[in-house]
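Engineer: mind folding the following:
(chains A and B)
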Number of protein chains: 2
Amino acid sequence: MSATQGINVAIIGVGLVGSSVIQQLTTVAGLSSKLHLVALQNSKKTLLSTPTSPLSLSGSADWKSLLTNSSTSALALPDLVVELQKITRESGRHTAVVDNTSDEKVAAFYPEFLAAGLSVVTPNKKAFSGPIELYNDILKYKSNDKAGSKGPLVYQESTVGAGLPIISTLVDLVNTGDEITKIEGVFSGTLSYIFNEFSTPKGGDKKFSDIVKFAKENGYTEPHPNDDLSGSDVARKLAILSRLVPELKDALPKGYLSVPTHSLTPAPLADVASGEEYVQRLPEFDGDYDSLNKEAFNNGSVLRYVGVIDVKNNEIKASLETYPASHPFASSLSGSDNIIAFHTKRYSARPLLVQGSGAGADVTAMGVVADLIKIAERRS
Amino acid sequence: MSATQGINVAIIGVGLVGSSVIQQLTTVAGLSSKLHLVALQNSKKTLLSTPTSPLSLSGSADWKSLLTNSSTSALALPDLVVELQKITRESGRHTAVVDNTSDEKVAAFYPEFLAAGLSVVTPNKKAFSGPIELYNDILKYKSNDKAGSKGPLVYQESTVGAGLPIISTLVDLVNTGDEITKIEGVFSGTLSYIFNEFSTPKGGDKKFSDIVKFAKENGYTEPHPNDDLSGSDVARKLAILSRLVPELKDALPKGYLSVPTHSLTPAPLADVASGEEYVQRLPEFDGDYDSLNKEAFNNGSVLRYVGVIDVKNNEIKASLETYPASHPFASSLSGSDNIIAFHTKRYSARPLLVQGSGAGADVTAMGVVADLIKIAERRS
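Structural biologist: Model prediction:
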C-alpha cells in the first residue's frame, strides 16, 4: 500500500462529536489506512502531523493529552490553511477539514478552505442555513457535481438528522431527476420527545411544563429550553434542505431567519435570559398548551412540531401542526426520534420515510465519518 | 469540458427497468456529460457506440428503433467485453455495465466483467443471493473498499428495496464501525400489500384468497403468485443483506435456498404449475389463513411476512410473524410499501427505519442511476 493512499483529515473542535469522530477514525478496522489524522485543533491548542513525527493516534486515550500538551497555541484559520497545504504537498494526499464546532466564524471560513483545495465535512449547520451569500460562495468552490474535477468536496450529511440518510437521499432523488413535491418531518429530537410525551393518540395526561422541566434536567434540551422551543433549529434544517431542492432555486430563504417559524415560547417569556427562570415560569402557560392539545384530541389528532417544505405551494415553515392518530408522525414516532417524509413524483402514492435518532455524538460522528469515507473514495 | 470526463455506460436488458434507466440517463439535466451511453443489448440485438458514430440518444423515443434495427445480433458476453474494452480505450473513460435482466447467466458473468476492469451496477438479485462461490468471486475483483485503487466497482442498491437507501445505509453503518444486532423488515411489496389488506389492527374482513386474486389480476403479483408467496424473493434479499454484515462472515447462507423460508403456499398447491389454477384452488385454504389472523387479532397483533437477520442469535429467516398493533410494521405500513428496521449498537433504543415503495421500474431505475453517478464520481 503506497503512502499516498487515502486522504488526510484535519479536525477542528474536539468536544463530544469531535471526540466520537476521533474514536471512530482510530478504532474502526480499515479506516486508518484511508483516513489519516493530520491535525487536531480546539480553542486553545493545535496538534499537527509532520513528516518526521506523524500523528499516531491508536485508540482514543492518548490524543487528549497530546493536544493539551501541544506546544502550538490554536492557530488562526488562515495559518491552519498554510500548514494543511504544506501537509497536503508533503504527503501527496488530498486533505479534508472536519468542523465539529457550531461556530459561525469557522463556518464563514469554508470558502477559504475550499479555495485552498481543502474539502469540508461538517455537522455544523451555520454555513448551510445562514446568509445565502456565504452559501453561494461555498457552491462556487464545491466540486461535488463536476465530473472529472479533482477539486474540493463538501459533505454535510450530519447537518440534518445526524447519521440518518437524509441529505444523501435527497441528493440521490434530485440527481436522478425525481421531482420533490414536499418534504415534511419532525426534525428536532427535543421537540419530538416533548410532543411524543405531551400529545398521544390517547390524549395526554402530563403538563407541558413538567415535560420541558424533565427534559431540561436530563439534558434533552439545550441549557436554555428556548433554544429548542423557539423552533430556530428546525428553521435551520429547513433552510439547509430547501437549498438542495432545485425547484426552489428562485424562492430560497435568504437564511434560516427568513423561514416562517412558530415559536413555542410564550411571548412573555421570550426575553427571559435564564433557562432556570424560563422553566419556573412556564407553568403559567400550561392552560394554553392544554387547550391546543385538547382541540387536537377532539379531532382524533395529535400535535407535532414539524418542518415543512411544500415545493408545489412554495411554502417553507416550521410550525406546530396536527396529524391524525393513524399518521406515521403520530402512530409510529416515539422517544426523541426524527422522522422525515419525502413526497416526490416517484414516491407519490406514499412518501419515502426515514426515521430514527437524529441527535447524539455517536450517530452525528457516524455521518461525518461516512462522509469522509466518500471523500477518500473520490479523492485518493 | 474534456472528452474523457464521466464514464461510459453499457446496458444489458431494456425491459421496464432498463427503459426507465435509459429514460433517466437521456433526459435528466446534467447526466449526459457524466454518464455516456455506449451500448444497449437485449436478447436479440446489440447497439454499440463507435468513435465515428457515437450513440446519441436524446429523449426516450429513438433508442428502441435504433436497437431493433441494429445490424448486430446480440453479442455473446465475452464478445461484448471485447467491444467494451475497445470503447474504454478509445474514449479514455472508465466503463460500467448495467445488468437490468434477472438472468442467472448474466449474473454468473460478473466476475469476467470485473476481471476486464468493467464496473457492475444491477438490480438483479441473482449474483448476490446465489451460490456463495460466485459471490466470493465477485468480492475478489470488486475494489469498492480499496483506497487509492482505480479498479472496477460493484454497486447494488436496487437489489433490496429498489431506490430506497437500504444497501447504502447498511454499508455506512458497517464502514463507520457500528455493530448490527438485527435487521428486520417487510421486504416484499407484494406480501406487504397482501397482509396490509388481510390483517389490520381492527381485524380483517377480507378473504386471503380474494386479496391474492385481486393482486394477481392487477399485476401486483408475479404471473404465478407462488413466486411471491413462496417467500423466495424475501430469502434472496436476506442473503444479500447478510453478506454485508461482517459479524456474520462465518455464518453466511451458502445461497438463498439455505435461508429458512416459510412458504405461504399450502402444501397441496406447491406443485400447481398454473397461476390461474393456483388462484382458483386457494379458497380451499381460507380457513387456515383466517385462524392465523384471528389468533393474532385476539392477541392485539397483526400478521406480517418479514425477513429477519438476527445477528446476536445467528438466525436468518423469512417467515410470517405477529406484531403488536402499535409496532411500525403494523401501524405505519400501508399499500405495498417496504419497511426495514436496522437495530444496531448506536441505534439501540429505537431502530433506524427506512420505508417506502420498494418495487416499480422508476424507483428501481433511480437506484441504478444513483449508483452510476457514484461510480462516475469515483472513476472520472
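Engineer: for the stretch 1-150 of chain A, just list every one of the helices.
Structural biologist: A:16-27, A:63-68, A:77-91, A:104-108, A:110-115, A:126-129, A:132-141 (DSSP state H, counting those that start in this stretch).
Engineer: the third one packs against which elements?
Structural biologist: Judged by 3 or more Cβ pairs under 8 Å, 6 or more residues apart in numbering or on different chains; DSSP states H and E, the packing partners of helix A:77-91 are strand A:7-12, strand A:35-41, strand A:45-48, strand A:95-99, helix A:110-115. From N, CA and C alone the C-beta is placed, and that goes for glycine too.
Engineer: quick one: average pLDDT of it?
Structural biologist: Average pLDDT, helix A:77-91: 96.
Engineer: follow-up on the earlier one: can you add mean neighbour count and give the helices of the stretch 1-150 of chain A back as JSON lines?
Structural biologist: Shown next, in JSON lines, are the helices of the stretch 1-150 of chain A (neighbours: other Cβ atoms under 10 Å in any protein chain shown):
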{"stretch": "helix A:16-27", "mean neighbour count": "22"}
{"stretch": "helix A:63-68", "mean neighbour count": "15"}
{"stretch": "helix A:77-91", "mean neighbour count": "16"}
{"stretch": "helix A:104-108", "mean neighbour count": "16"}
{"stretch": "helix A:110-115", "mean neighbour count": "20"}
{"stretch": "helix A:126-129", "mean neighbour count": "25"}
{"stretch": "helix A:132-141", "mean neighbour count": "16"}
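Engineer: closest one to residue A:231 among those?
Structural biologist: Evaluated with Cβ to Cβ, these place helix A:126-129 nearest to residue A:231, the distance being 12.8 Å.
Engineer: who wins for proximity to residue B:216 among the helices and strands packed on helix A:77-91?
Structural biologist: Short answer: strand A:35-41, nearest of the helices and strands packed on helix A:77-91 by Cβ to Cβ, at 51.1 Å.
Engineer: partners of that closest one in the sheet?
Structural biologist: strand A:7-12 (parallel), strand A:45-48 (antiparallel) (DSSP bridges).
Engineer: residues in contact with the shortest one?
Structural biologist: Residues external to strand A:45-48 that are found in contact with it (Cβ atoms under 8 Å, 6 or more residues apart in numbering or on different chains): A:38-41, A:55, A:63, A:66-68, A:70, A:72-75, A:80, A:83, A:87.
Engineer: and what of the longest one?
Structural biologist: The set of residues that contact strand A:7-12 without belonging to it, under Cβ under 8 Å, 6+ apart, is A:18, A:21-22, A:25, A:34-41, A:49, A:80, A:84, A:87-88, A:91, A:93-101, A:106, A:118-119, A:372, A:375-376, A:379-380.
Engineer: picking that back up, so which of the strands paired with strand A:35-41 is the most packed in?
Structural biologist: Counting by mean count of other Cβ atoms under 10 Å in any protein chain shown, strand A:7-12 has the highest mean neighbour count of the strands paired with strand A:35-41, with a mean of 26.
Engineer: and stretch A:194-207, does that touch chain B?
Structural biologist: No - using Cβ under 8 Å from any Cβ of the partner chain, we find that stretch A:194-207 stays clear of chain B, coming within 9.3 Å at best.
Engineer: that stretch: end-to-end distance?
Structural biologist: Its start and end residues considered, stretch A:194-207 measures 10 Å (Cα to Cα, to the nearest Å).
Engineer: also stretch A:179-199?
Structural biologist: Using Cα to Cα, the two ends of stretch A:179-199 sit 33 Å apart.
Engineer: and it, what's buried?
Structural biologist: By 16 or more other Cβ atoms under 10 Å in any protein chain shown, the buried positions in stretch A:179-199 come out as A:179-199.
Engineer: so of the residues you listed, which ones are in strands?
Structural biologist: Judged by DSSP state E, the buried residues of stretch A:179-199 include A:180-186 as members of strands.
Engineer: export those residues as JSON lines, with columns for pLDDT.
Structural biologist: Output for those, formatted as JSON lines (pLDDT from 0 to 100):
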{"residue": "A:180", "pLDDT": "98"}
{"residue": "A:181", "pLDDT": "98"}
{"residue": "A:182", "pLDDT": "98"}
{"residue": "A:183", "pLDDT": "98"}
{"residue": "A:184", "pLDDT": "98"}
{"residue": "A:185", "pLDDT": "98"}
{"residue": "A:186", "pLDDT": "98"}
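Engineer: least confident of the helices of the stretch 1-150 of chain A, on average?
Structural biologist: Among those, helix A:63-68 scores lowest, with a mean of 91.
Engineer: what separates that one from the chain centre, distance-wise?
Structural biologist: Mean C-alpha position of helix A:63-68 versus that of the full chain (Cα atoms, centre = their mean, to the nearest Å) differs by 26 Å.
Engineer: helices and strands around it, which ones?
Structural biologist: Partner elements for helix A:63-68 (3+ Cβ pairs under 8 Å, 6+ apart): strand A:35-41, strand A:45-48.
Engineer: nearest to residue B:259, of those?
Structural biologist: strand A:35-41 (35.1 Å).
Engineer: CA atoms of the closest one as PDB?
Structural biologist: This file holds the C-alpha atoms of strand A:35-41, laid out as PDB (Å, rounded to 0.1, in the frame of the first residue of the first chain):
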ATOM      1  CA  LEU A  35      -8.300   8.500   6.700                       C
ATOM      2  CA  HIS A  36      -5.000   9.800   8.100                       C
ATOM      3  CA  LEU A  37      -5.500  12.200  11.000                       C
ATOM      4  CA  VAL A  38      -3.000  15.100  10.500                       C
ATOM      5  CA  ALA A  39      -4.400  17.800  12.700                       C
ATOM      6  CA  LEU A  40      -6.400  18.400  15.800                       C
ATOM      7  CA  GLN A  41      -7.500  21.800  17.000                       C
END
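Engineer: any idea of the angle that strand forms with strand A:95-99?
Structural biologist: 50 degrees (axes from the mean of the first three to the mean of the last three Cα atoms, to 10 degrees).
Engineer: can you show me the strands along chain A?
Structural biologist: Going by DSSP E, chain A shows strands at A:7-12, A:35-41, A:45-48, A:72-73, A:95-99, A:119-121, A:154-155, A:180-186, A:301-310, A:315-324, A:337-344, A:352-357.
Engineer: residue B:362 is nearest to which of the ones you listed?
Structural biologist: Closest among the strands of chain A, once you apply Cβ to Cβ, is strand A:337-344, at 10.1 Å.
Engineer: and the contacts of that closest one?
Structural biologist: Everything outside strand A:337-344 that qualifies as a contact, by Cβ under 8 Å, 6+ apart, is A:160-161, A:164, A:166, A:169-170, A:173, A:178-189, A:192, A:328-329, A:332-333, A:351-359, B:350.
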